[in-house]
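Student: no sequence on this one, just coordinates:
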């Protein structure tokens, strides 16, 4: 939060949040009060300025953004690779992108929960070939997993290592790519 404020809390800075509707009680509109914030979501609601399909995100805007971010949304997208491309289209050269999503998490908001992402998967969605330089990618909030008694007999009670709740990607658009 402090890093975002340092980079984007300035007059004339254009910020786009993809998946801005208040679902969990968090609202990011006031993160950078000096910047121009636009909230985008599939559904109208609190904290939403533009409602529409993120798979066609670039059709809703005639401007580019300095910072585009999305929190806990990518697991609900039917084709996240399309939305990633749409976000890249709307990012100004020199602009930044931040995506945080689930690595391993219980299924939620069904039937609209489709994917889980490692940090490597997010790097694939925002590649250098598309003009994006990865600044940081990683996982957070480790969780403990164990195979249940309903699992295959050879797996029952076994520990599942390397699980994390969240994965994230932070990158910068270093060049425009057709």
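Tutor: Thanks, I have the structure now. Predicted model, so just to flag it, every value in this text is computed and none were measured.

Student: Do a quick rundown of the strands in this structure.
Tutor: 14-18, 36-41, 50-51, 65-71, 91-102, 132-146, 159-173 (DSSP state E).

Student: JSON lines for those strands, including mean neighbour count, mean pLDDT and distance to residue 27?
Tutor: Placement of C-beta: from N, CA and C, glycine included. What follows is the strands of the chain, written out as JSON lines (neighbours: other CB atoms under 10 Å; pLDDT from 0 to 100; distance: least, CB to CB, whole Å):
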{"stretch": "strand 14-18", "mean neighbour count": "24", "mean pLDDT": "96", "distance to residue 27": "10"}
{"stretch": "strand 36-41", "mean neighbour count": "21", "mean pLDDT": "95", "distance to residue 27": "9"}
{"stretch": "strand 50-51", "mean neighbour count": "14", "mean pLDDT": "97", "distance to residue 27": "16"}
{"stretch": "strand 65-71", "mean neighbour count": "23", "mean pLDDT": "95", "distance to residue 27": "11"}
{"stretch": "strand 91-102", "mean neighbour count": "20", "mean pLDDT": "95", "distance to residue 27": "16"}
{"stretch": "strand 132-146", "mean neighbour count": "14", "mean pLDDT": "93", "distance to residue 27": "21"}
{"stretch": "strand 159-173", "mean neighbour count": "17", "mean pLDDT": "90", "distance to residue 27": "19"}
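
Student: who's in contact with the residue positioned nearest the centre of the chain?
Tutor: Centroid check for the chain by CA atoms, centre = their mean gives residue 99 as the closest residue, at 2.8 Å. Applying CB atoms under 8 Å, 6 or more residues apart in numbering, we find residue 99 in contact with 69-71, 74, 84, 122, 125-126, 168-169.

Student: what's the answer for residue 146, then?
Tutor: So residue 146 contacts 157-160 (CB under 8 Å, 6+ apart).

Student: Now for these: which two are most distant?
Tutor: Spatially, the most separated pair among the contacts of residue 146 is 157 and 160, at 10.9 Å (CB to CB).

Student: Which neighbours do these two have in common?
Tutor: 146-147.

Student: who touches the residue nearest to residue 50 when sequence neighbours are not counted in this structure?
Tutor: The shortest distance from residue 50 to any residue other than its chain neighbours is 5.0 Å, reached at residue 40 (CB to CB, 6 or more residues apart in numbering). Residues in contact with residue 40 (CB under 8 Å, 6+ apart) are 16-20, 48-52, 54, 57, 60.

Student: ok, and the closest non-adjacent residue to residue 120?
Tutor: residue 137 is the one closest to residue 120 (CB to CB, 6+ apart), at 7.7 Å.
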